[in-house]
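# Attaching a predicted model along with its sequence, questions to come.
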Amino acid sequence: MTSRENLVEMVDVSGKKIVHRFAEARGEVILRPETVAEIRKGTTKKGNVIAVSEIAGIMAAKKTSEIIPLCHQVPLSSVQISFDFDEDRIHSCCRVAATYATGVEMEALVGVTTALLSVWDMVKYLEKDENGQYPTARIENVRVTIKKKDD
């Protein structure tokens, strides 16, 4: 017999009610102001940072159960990624909806985090210092801001 502390299992949601669920997650990537200006102008080497990062976030949210062990495969009905700019950062928001027996907050977190990682990846050449390090670039404040389900 296996002790409970060594047991790993997916939570059984078969007894839960299937209802509409929604989650929103937000985060930000801090960059040099010059980098943010290049993104806004659309002059980065890899192309349209925002369009690529939006697609990356949507794709990641849809694959959450392949990335996070023990997450359920949730049939998503909607994933939306948006971006807002400040002088030295880009804010991202991921909104996810589904009608299912478990929540979609992990999908929202994976979506927003991947969108921010994609921004960083596309502009990392602008962020490196003379030693190849990233003294400014960082991802912060990733969190679930809304989690709802219909009754």
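Nice, I can see it. Numbers count the residues shown, from 1 in each chain.
# Please report the distance of Trp120 from Ile18.
For Trp120, the distance to Ile18 (CB to CB, to the nearest Å) stands at 37 Å. (Each C-beta comes from the backbone N, C-alpha and C, glycine too.)
# So those two - more neighbours on which side?
Between Trp120 and Ile18, Trp120 has the larger neighbour count (other CB atoms under 10 Å), namely 20 against 11.
# Output the below-cut-off pLDDT ranges for the chain.
For the chain, the stretches with pLDDT under 70 are 1-4.
# Need the residue closest to the centroid of it.
By CA atoms, centre = their mean, the chain has its centre lying nearest to Val112, at 2.0 Å.
# which SS class is that residue?
Of the three states, Val112 takes helix under DSSP: H, G, I helix; E, B strand; the rest coil.
# so Ala97 is in which element?
In this structure, Ala97 sits in strand 89-100 according to DSSP states H and E.
# ok, that strand: who's next to it in the sheet?
Strand 89-100 has these partner strands in its sheet, going by DSSP bridges: strand 19-30 (antiparallel), strand 76-86 (antiparallel).
# Of all those strands, which one comes closest to Tyr125?
The closest of those to Tyr125 is strand 19-30. By CB to CB, the value is 15.0 Å.
# Output the closest one as CSV, restricted to C-alpha atoms.
What follows is strand 19-30, C-alpha atoms only, in CSV (Å, rounded to 0.1, in the frame of the first residue of the first chain):
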residue,chain,number,x,y,z
VAL,A,19,-21.2,25.6,-15.5
HIS,A,20,-19.8,28.6,-17.3
ARG,A,21,-16.5,29.6,-15.8
PHE,A,22,-14.2,32.7,-16.3
ALA,A,23,-10.8,33.7,-15.2
GLU,A,24,-8.6,36.7,-15.8
ALA,A,25,-4.8,36.8,-15.1
ARG,A,26,-2.5,39.8,-15.5
GLY,A,27,1.2,40.5,-15.4
GLU,A,28,3.8,42.8,-16.8
VAL,A,29,7.2,42.7,-18.4
ILE,A,30,9.6,45.5,-17.4
